[in-house]
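Trainee: One predicted model, sequence on top.
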Amino acid sequence: MTLMTGRTVFVTGASSGIGQACATAFAAAGARVLMCARRRARLEALTVQLRQNFDADVFAFDLDVQNRQNVADVIAGLPDEWQDIDILVNNAGLSRGLVPLQEGLIDDWEEMIDTNVKGLLYVSRSILPGMVERRSGHVINIGSIAGREVYPNGAAYCASKYAVTALTKGMRLDLNGSGVQVSTIDPGLVNTEFSSVRFHGDQARADSTYNGMTPLSGEDIAEAVLWVAARPAHVNIAEMLVLPVDQASATLVHRRP
Ligand code: NDP
Ligand code: 8X3
């Protein structure tokens, strides 16, 4: 018997970074792991790993959370034994660009809002009714320090993460009395594929994000997610801000020469 035995977790955006680390941490803790992302080959490789390393019960499927109809159809069509989701980790998300608002690419804004805000809403809308009916469940949203502080050149991404903060608070209000726990975990700088995606594949620029400082890893955040998920049913960790020691705010990062 381990921490998560018998519990089913659904991690969105499990093909990389924080989501991949969460799927791994939950599998290691004995959970049944349902996971999605767009890159199917990545999910297939992770499935093999989780089965081999932890003898985990895993079900992976490709899903673009921006696609409203697909989200509804794919989640409604899950096999019976995967219908009752205990823990939803709303992690799928991305940033695009780091430029002044007046120079921003509208396609970048659309992608961030469609993924970080609308995608999270679509997935939650499909899963919450089951949790309410069973009178138990836990939604853990991956927010960001960017949902608490706006930084220069990041307004659209920050706005999408402020929206996640609002949605977490709104879920907690609307689900009050249902027995469903609602949490947000808000990381600072985490070294994943996030910056490479933000800079449209410019790896040198992505790497410079972490110059001279020690960022968090996806595993650091996964540990926090697992701990939050393991609290008893009457306890709700409403929010958690997790920063690297070198980061004091969205804009103040100590860098060694
Ligand atoms: P990664 O780029 O490493 O991972 C992002 C994950 O989201 C990938 O698995 C990607 O999979 C998935 N994803 C992106 N778009 C979609 C989509 N439309 N449909 C389904 N899945 C999607 O970045 P992180 O792990 O760092 O990011 C995870 C979350 O953490 C995001 O919400 C991000 O905003 C948040 N965050 C990250 C921080 C950081 O510094 N790294 C700090 C604070 C918050 P695929 O491309 O295969 O679809
Ligand atoms: C990701 C962290 O500081 O790049 O949400 O916005 S930051």
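Mentor: Alright, I've got the coordinates. Numbering: from 1, shown residues only. Ligands and ions are numbered 1, 2, ... in the order given.

Trainee: How about the residues of the stretch 51-200 of the chain by ligand 2?
Mentor: 144-146, 154, 189 (C-beta under 6 Å from any ligand atom). For the C-beta atoms, the positions are set from N, CA and C on the backbone; glycine is no exception.

Trainee: And Gly17, how far from Thr184?
Mentor: Gly17 is 17 Å from Thr184, where distance means C-beta to C-beta, to the nearest Å.

Trainee: ah, wrong one, I meant Leu173
Mentor: Taking C-beta to C-beta, one finds Leu173 at 14 Å from Thr184.

Trainee: More neighbours: which of the two?
Mentor: A count of neighbours by other C-beta atoms under 10 Å puts Thr184 above the other of Leu173 and Thr184, at 27 against 8.

Trainee: Show me what the mean pLDDT comes to for the helix or strand where that one lies.
Mentor: Here Thr184 sits within strand 180-187, counting by DSSP states H and E. Averaged over strand 180-187, pLDDT sits at 98.

Trainee: Which residue is the nearest non-sequential neighbour of Gly179?
Mentor: Nearest residue to Gly179 in three dimensions, chain neighbours excluded: Arg135, at 4.3 Å (C-beta to C-beta, 6 or more residues apart in numbering).

Trainee: May I ask you to confirm that that neighbour is in contact with Gln181?
Mentor: No - using C-beta atoms under 8 Å, Arg135 makes no contact with Gln181, being 11.6 Å away.

Trainee: quick one: Phe54 and Thr47, what's the gap?
Mentor: Taking C-beta to C-beta, one finds Phe54 at 11 Å from Thr47.

Trainee: just Glu110 next, same as before
Mentor: For Glu110, the distance to Thr47 - C-beta to C-beta - is 31 Å.

Trainee: what's the answer for Trp82, then?
Mentor: Relative to Thr47, and taking C-beta to C-beta, Trp82 is found at 13 Å.

Trainee: In a strand, Arg42, correct?
Mentor: No - assessed with DSSP: H, G, I helix; E, B strand; the rest coil, Arg42 is helix; it does not lie in a strand.

Trainee: mind listing what it touches?
Mentor: 15-16, 20 (C-beta atoms under 8 Å, 6 or more residues apart in numbering).

Trainee: Now do the contacts for the closest residue to Ala206 other than its chain neighbours.
Mentor: In space, and not counting its chain neighbours, Ala206 is closest to Ser195: 3.7 Å by C-beta to C-beta, 6+ apart. By C-beta under 8 Å, 6+ apart, Ser195 lies in contact with 205-207, 209-210.
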